[in-house]
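>>> what's the 3D shape of this:
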Amino acid sequence: MIKAVFVNLVRFIALVFLQVFLLKNITLYNLSTPYLYILFILLLPFETPNVLLFILAFILGITIDAFYDTPGLHAASCVLLAFVRILFISITVQKDGFDNEPEPTLSIMGLRWFFTYALVLTLFHHFFLFNLEAFNISELQYMIGRVIMSSLFTVFLMLLSGLLFFRRKERK
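Next up is the predicted model:
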């Protein structure tokens, strides 16, 4: 239990620092911006209580908002991401028989499940974030392009970090 809390605390700090000091300055043609910090919410253990999940998502989002000077955009997007995570896991985990797994990592859940999980949740997060940011129906095509490109870039970084930092397949 204490090990899991420590691992998630280190993960929180590392992802916030990586997002704020490195990824904030990376933009591809003003169309694609990676938001790797959402990986913290995606990798929380399955047995995390929903109330704690929402609180952690809000704290993560408000922390990013403080560095990005955005008044609650990331906090709202992260809370939505936590809600969609609960729905996605409740739909897929029981069907696939992953009830005894501790957390939804790439090495435990496998590439296909994790890719689907990360892509769906990232698309929801980015769509909501960019929609709140633009809040203009005339820029719908540009916003959808940003959502798709940023989501692909973010999921690519998630898969890359999963391959670099996690052990090989642990599932039996």
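>>> show me what the longest helix along the chain is packed up against.
Longest helix in the chain by number of residues (criterion: DSSP state H): helix 140-165. Applying 3 or more CB pairs under 8 Å, 6 or more residues apart in numbering; DSSP states H and E, we find helix 140-165 packed against helix 39-42, helix 106-109, helix 111-134. Placement of C-beta: from N, CA and C, glycine included.
>>> buried residues of it, list them for me.
Using 16 or more other CB atoms under 10 Å as the test for burial, helix 140-165 gives 143, 146-147, 149-155, 157-159, 161-162.
>>> repeat that for stretch 117-135.
117-132.
>>> before we move on, the earlier item: what about the longest helix of the chain, distance to the chain center?
The chain centroid and the centroid of helix 140-165 are separated by 10 Å under CA atoms, centre = their mean, to the nearest Å.
>>> just the terminal-to-terminal distance for stretch 130-150.
One end of stretch 130-150 to the other measures 10 Å (CA to CA, to the nearest Å).
>>> which other residues reach it?
28, 31-35, 70, 73, 76-77, 123, 126-127 (CB atoms under 8 Å, 6 or more residues apart in numbering).
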